[in-house]
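> Provided below for reference: sequence and predicted model.
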Amino acid sequence: NGKACALEFNILARQGRARASVLRLPHYDCRTPMFMPVGTNGSVKGLTPQQLRELDCHLVLGNTYHLENRPGADIVQEFGGLHEFSKWDRAMLTDSGGFQMVSLLHLADITEEGVSFQSPTNGQSMMLTPEHSMRIQNKLGADIMMALDDVVSSVNPSRERFEEATYRTTRWFDRCLSAHERPGDQNLFPIVQGGLDRELRAISLRQLMERDDRIPGYAIGGLAGGEDKESFWNVVDWCTAALPEDKPRYVMGIGYPVDIVVCSALGADMYDCVYPTRTARFGTALVPSGTIRLPQAVMEGDDRPIDETCGCPVCKKYTRSMLHRLVGTDSHGAILVSIHNVYYMQRLMREIREAIVQQKFPEYVRRFMAQQYPEGAPGWVVNALKAAEIDL
Amino acid sequence: MAVPAEKAVISSRRRPQFSLCKEDSKSGARTGCITTWRGATAETPFGLVVTRKGLPSYLTLDNLGKVNGVQGMHVCASHFFGRDALYPREGGSLSEIIGQEDASPLLVLCGLRDPACYNLNLYPAAGREKISVDTEVGVKAVSQQDYIDFVRQAQPDLCLSLSDDVVGSHSKRRRERAQQRTAAWLRDSVKCFGESDGALGSVGLIASVLATEDGEENLRQARSAEALASDPSVVGYAVMGLGLGESEECRKGALQSICGELPREKLRYTSGPNTPLELIEAIECGVDVLDATFVNELTACGMAMAFPADAEGPAVSGTGRGLNLNLWSEEFTHDQGVLVPGCGCYTCQNGFSRGYIHHLLQCRELLAEVLLEFHNTHHMCRFMGTIRAKIDEGVFSEYAKSFRKLYIHQ
Ligand SMILES: [Zn+2]
Ligand SMILES: [Zn+2]
């Protein structure tokens, strides 16, 4: 198969810089803007594939580093790939494994060859190279794979390090491209790097876009690492403004509802974050005004659902009081709050898509921000939306 | 909120009815049927899904609804302690609070003793009238009145009268007092239910009889409980005090002698069969409703039931390694097969493999327990279905014998 990519991207509607599209992947026709729940080890927090489908999830993300550790890509391949292994029939995406290594393993060291690290199981020195990452991801068989990038914390003070990482990310992408063995049924996305530096981001964008005919979609990396919000939206703004119109754009690691609305206004299409499911485990539920903490004492005796406007199966059945009694002590509680939070995210994405299609997106954004920030939105949100041609 | 119109509705509700269908000629086993005013029906004998705070351990109610053959849940009142009192105090009934719909076909049985984790009388000195209960918010002393108030609010289909379950190691005097207290609470419950303003009118009282090692005493207790059989509020009897480490003979003897004294046409429940074998034995003694606590226990330790649950009892692949599969075992790493080939549960029907469940357990992913609870609950229900069919066909004793042989041989 000589095809360079295995997806179709059709923009259904545009308003300002925002777009609503169909992303046709080998396993599913996803609607964007889209939120992708993280299923680190091949499952999402106790939810069955059927429940995930009913919650309107189009794509689930798997973590290459974790899956290679357990059970190992060879075993997943034996079972017929990650889809067959986990019985998830819609789309999947795997990351390169590099980010987890750098963030989880203190001993990771990055050289031109790849990321070297000590195995957490036997202490042996190992190396994740672009070729190795591709080999693992080809075995996992997700619809979208991520190229290994040189990850630098966005708050690292050294410009030289960022410069090195920017160029190396491109070189590694070339190595990933040549190592990729299944271009006909798996899509390889490169990651735009360059830290918070406009010039470096421009270099990264230019270099990658020189390879545009071999690129099915782009990711914007190096964010969600503790940078200030003004820098965050600026980077997204520079990248989405420069990237080709006809390719999907994925902002990595973004999952706060406000950030998703802002990025979508700036023309981004895909997001992933552990936040909605991880926070559910500790009893934090997402609501239009932000979050509520179910473990708090005030929840006892509160007979309202988590969110009166929510149509999820949990809000239809359970009071905050009942959930208060379950979270923290019973697995059932963690599963229920995860269901609500995943539903909340998917509903948010549906509303964003519908607003764009109905050409009511600015109104939607204003209503959303008024709920989140009754006292007025913070400066960075106002500025970002202004750049997206939306006045609050 | 209780408005007068609702009270009128409540008083028009009837208590659950039990009807006996078929009695086995060679053992005490029998089949029957429970129907409630809500339209819930349950064929006996069956195993209750044991809940935490009114919910299955891992299956959300939509998932529980996907398990064929589930007929009822055991809800433990001790899971409903708030900081200062038993919950629910006002507002919704238990069904509303746990999210069960009125039209739900599941029967709810409620008691104070936790079938999954012994919680009574662990701390003495609750006072003559009260019983000490271990709860999430500490040890509480509960009176008969507290418990009845909970039942009135919770509106289960069936409720056990309080029993003073004490472990055998207690002194003879303490055990005698336990008998007296259980009998007194029963008399008091019958009175409460009889005088009910309607709020207890649809709850069937299950009269608790405390089993002991003393056969004479068991008979005496059973007879005095039997005298209440004509009371319309008493829908059935519970043999309590078992499942507390007593010997097999002691357990069987108590069940046999007590069930033998109880009126045939009333429902019988017992606490604590810990294995499918004990479950079969209790049914042979004439028990109709049991707690399927072993489902929760197996699921919690990563095990899948694989003993033959069908009539013919064909050995499934994997049972050579035991009656249950331990999915933690490395031997399943590459196993692409489902838990039990041909099993109709959500997990097996959708092709989730032993290898995938093994992987999820290793990663401490909750979905492992969810998938196992689907299978184990289904397997238990299938087993109960087989037992009912064997009783109806009049060949239960033979089935029990061959099952016992197979089970012990494994
Ligand atoms: Zn909800
Ligand atoms: Zn099964």
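Cool, got the structure. Ligands and ions are numbered 1, 2, ... in the order given.
> Give me the phi and psi for the residue lying closest to residue B:78 once chain neighbours are set aside.
Nearest non-adjacent residue to residue B:78, counting by C-beta to C-beta, 6 or more residues apart in numbering or on different chains: residue B:133, 4.8 Å away. C-betas here are computed from N, CA, C, even on glycine. In terms of degrees, to the nearest 10, the main-chain angles of residue B:133 are phi -130, psi 130.
> Just grab the bridge partners of residue B:133 for me.
Residue B:133 has the following beta-bridge partners by DSSP bridges: residue B:120, residue B:140.
> give the contact list for it.
Applying C-beta atoms under 8 Å, 6 or more residues apart in numbering or on different chains to residue B:133 gives the contacts B:78, B:81, B:112, B:119-120, B:139-142.
> now do residue A:87
A:49, B:350-352, B:356.
> Most neighbours among the residues you listed, which one is it?
In terms of neighbours by other C-beta atoms under 10 Å in any protein chain shown, the contacts of residue A:87 top out with residue B:356 at 30 neighbours.
> Does that one belong to a helix, a strand or coil?
helix (DSSP: H, G, I helix; E, B strand; the rest coil).
> That one contacts residue A:79, doesn't it?
Yes - using C-beta atoms under 8 Å, residue B:356 is in contact with residue A:79, at 7.2 Å.
> Now do the shared contacts for these two.
Common neighbours of residue B:356 and residue A:79 (C-beta under 8 Å, 6+ apart) are residue A:85.
> Now do the contacts for residue 168.
In the absence of a named chain, chain A is used. Taking C-beta under 8 Å, 6+ apart, one finds A:112, A:150 in contact with residue A:168.
> Let me rephrase: I mean chain B.
Neighbouring residues of residue B:168 by C-beta under 8 Å, 6+ apart: B:175, B:213, B:244-246.
> Taking the stretch 151-300 of chain A, what residue is nearest to ligand 1?
residue A:285 (7.6 Å; C-beta to the ion).
> Could you do chain B as well?
For chain B, C-beta to the ion, closest residue to ligand 1: residue B:99, 12.4 Å.
> burial measure for the residue nearest to that residue when sequence neighbours are not counted, as a count.
Setting aside the residues directly before and after it, residue B:99 is nearest to residue A:317 in space (C-beta to C-beta, 6+ apart), at 3.2 Å. Number of residues near residue A:317 (other C-beta under 10 Å) recorded here: 19.
> any low-confidence regions in the stretch 51-200 of chain A?
For the stretch 51-200 of chain A, the stretches with pLDDT under 70 are A:105-107, A:154.
> where exactly do the strands run in the stretch 201-350 of chain A?
For the stretch 201-350 of chain A, applying DSSP state E, counting those that start in this stretch gives strands covering A:218-220, A:249-251, A:270-273, A:284-287, A:290-293.
> Can you give the distance of the third one from its chain's centre?
I take that to be strand A:270-273. Between the centre of strand A:270-273 and the centre of its chain there are 2 Å (C-alpha atoms, centre = their mean, to the nearest Å).
> Adjacent strands (with direction) for it?
strand A:34-37 (parallel), strand A:249-251 (parallel).
> picking that back up, looking at the contacts of residue B:133, which gets the smallest pLDDT?
Among the contacts of residue B:133, residue B:81 carries the weakest pLDDT, at 82.
> Could I get the contacting residues of the residue nearest to residue A:128 when sequence neighbours are not counted?
Take residue A:128 and drop its neighbours on the chain: the residue closest to it by C-beta to C-beta, 6+ apart is residue A:115, 4.5 Å away. Residues in contact with residue A:115 (C-beta under 8 Å, 6+ apart) are A:98, A:101-102, A:108-109, A:127-129, A:148.
> same question, residue B:329
Contact analysis of residue B:329 by C-beta under 8 Å, 6+ apart lists residue B:358.
> returning to what we had before: roughly how far apart are the closest residue to the residue of the stretch 151-300 of chain A closest to ligand 1 other than its chain neighbours and ligand 1?
Nearest non-adjacent residue to residue A:285, counting by C-beta to C-beta, 6+ apart: residue A:306, 4.6 Å away. Between residue A:306 and ligand 1 the computed distance is 5 Å (C-beta to the ion, to the nearest Å).
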